[in-house]
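>>> just the structure for this:
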Amino acid sequence: MRGILLAGGKATRLRPATAAVCKQLLPIYDKPMVYYPLATLMRAGIREVLLICAPDWRDRFERLFGDGSQLGLRIDYVVQDAANGIAEALLLGADFVGEEPFALVLGDNLFHGIDPLLRDAAGHTEGCTLFGCEVNDPEAYGVIETDGSGRIVGIAEKPEHPRSRMVVTGLYFYDRQAVHFARRLTPSARGELEITDVNNAYVRSGQAKLASLGPGAAWLDMGTHESLLEAGQFVQVLEHRQGLAVACLEEIALAQGWIDAPAARALGEAQSASAYGRYVVAAADRVVR
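Numbering: from 1, shown residues only. Model (predicted):
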């Protein structure tokens, strides 16, 4: 399975913080925002990733990740010239995913504690899996309506009167049909290709599965100044209380067997002036012992 990481857009809601830097490169506690969605793909076992970004920032992402080989990954890049909607990522990534199932994650979404759901979704090669979470402000998202058995019967994009508190998060697992659905879309009233329209195509065909984030799992959409602060505080508390890093890419690659302990240690030593780098070194040494 391959993965698409959508890190485009103008981040106008975060101005002036994003006037001179890409949103997904803003720090969330001790690491760039983009580390968190990439970590989600890696935890799902995905090693081939297409990173979609705005024209001005491609060189910054390439400087950060290169081709991904140092982490046992393959990272390709493509530019999204304008913010034409999330579903445009399916068109930009069509050649990359081909006819195979794939995952799409938004570059400003942080997930924690969902490893069992990721493994289950990665094991399904037909239809789509939508990750849902109950929130207090569902009118700001795509709202999921289910029947008595928990089956999705419809998704309403930013409704004035939500029928539930369950919303679609920025993580989607699709089969090959997603690209075909996206190619049939026309821009919505706000001029975008809506991912909700793709998801509803799966709903109508009875092929949409809901993976609901339960107790112990967390989802943060880091699209506002308030949510940026909340995400940083969330990561800080977890790391300080548990002594375990959140979204440490080198540690995940090591645990997946994509790199060995000496390689992980070298990556940590290159950043040893920071607590993050020293954590990577310690993680590598634990494996050796």
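>>> local confidence estimate at residue 117?
We note a pLDDT of 97 for residue 117 in this prediction.
>>> next: residue 289.
The predicted local confidence for residue 289 is 66.
>>> also residue 215?
87.
>>> with residue 11 instead?
So, for residue 11, pLDDT stands at 80.
>>> separation between it and residue 219?
19 Å (CB to CB, to the nearest Å). Where C-beta positions appear, they are placed from N, C-alpha and C, glycine not excepted.
>>> same thing with residue 266?
Residue 266 is 33 Å from residue 219, by CB to CB.
>>> more crowded one of these two?
residue 219 (20 against 15; other CB atoms under 10 Å).
>>> ok, then the element right after the longest strand along the chain?
Ranked by number of residues, the top strand in the chain under DSSP state E is strand 166-174. Heading C-terminal from strand 166-174, the first helix or strand you meet, by DSSP states H and E, is helix 177-183.
>>> mind checking the end-to-end distance for stretch 119-136?
End-to-end distance of stretch 119-136 (CA to CA, to the nearest Å): 28 Å.
>>> next: stretch 132-142.
10 Å.
>>> so for it, mean pLDDT?
96.
>>> so who does the residue lying closest to residue 202 once chain neighbours are set aside touch?
Closest residue to residue 202 apart from its sequence neighbours, by CB to CB, 6 or more residues apart in numbering: residue 208 at 4.1 Å. Residue 208 is in contact with 127-130, 152, 199, 202, counting by CB atoms under 8 Å, 6 or more residues apart in numbering.
>>> distance of residue 208 from residue 140?
Counting by CB to CB, the gap from residue 208 to residue 140 is 21 Å.
>>> and for residue 45?
31 Å.
>>> do residue 259 as well
Counting by CB to CB - residue 259 and residue 140 are separated by 39 Å.
>>> ok, longest helix in this protein?
helix 225-242 (DSSP state H).
>>> who does the closest residue to residue 168 other than its chain neighbours bridge with?
Spatial nearest neighbour of residue 168, excluding adjacent residues (CB to CB, 6+ apart): residue 142 at 4.1 Å. Beta-bridge partners for residue 142, by DSSP bridges, are residue 157.
>>> which residues touch residue 142?
Residue 142 neighbours (CB under 8 Å, 6+ apart): 155-158, 167-168, 195-196, 199.
>>> now which of these would you call buried?
155-157, 167-168, 195-196, 199 (16 or more other CB atoms under 10 Å).
>>> between the residues you listed, which sits nearest residue 237?
residue 167 (23.9 Å; CB to CB).
>>> ok, now which ones touch the closest residue to the closest one other than its chain neighbours?
Ranked by CB to CB, 6+ apart and with sequence neighbours excluded, the top spatial neighbour of residue 167 is residue 141, at 3.7 Å. Residue 141 makes contacts with 135, 158, 167-168, as judged by CB under 8 Å, 6+ apart.
>>> check residue 121 too.
Residue 121 neighbours (CB under 8 Å, 6+ apart): 44, 103, 129, 131, 173, 209, 211.
>>> which of these lies closest to residue 111?
residue 131 (7.7 Å).
>>> and that closest one, which of the three is it?
At residue 131 the chain is in strand, as set by DSSP: H, G, I helix; E, B strand; the rest coil.
>>> so how many other residues sit close to it?
Neighbour tally, residue 131, other CB under 10 Å: 25.
>>> tell me the bridge partners for it.
Going by DSSP bridges, residue 131 forms beta bridges with residue 211.
>>> strands of this structure, residue ranges please.
Using DSSP E, strands in the chain cover 2-7, 27-28, 31-32, 48-53, 74-79, 102-106, 109-112, 128-134, 142-146, 152-157, 166-174, 208-212, 218-221.
>>> show me what counts as buried in the fourth one.
Neighbour counts over strand 48-53 (16+ other CB under 10 Å) mark 48-53 as buried.
>>> could you dump the residues you listed into TSV with pLDDT and distance to residue 23 added?
Below are the buried residues of strand 48-53 laid out as TSV (pLDDT from 0 to 100; distance: CB to CB, whole Å):
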residue	pLDDT	distance to residue 23
48	98	24
49	98	18
50	98	18
51	98	14
52	98	13
53	97	10
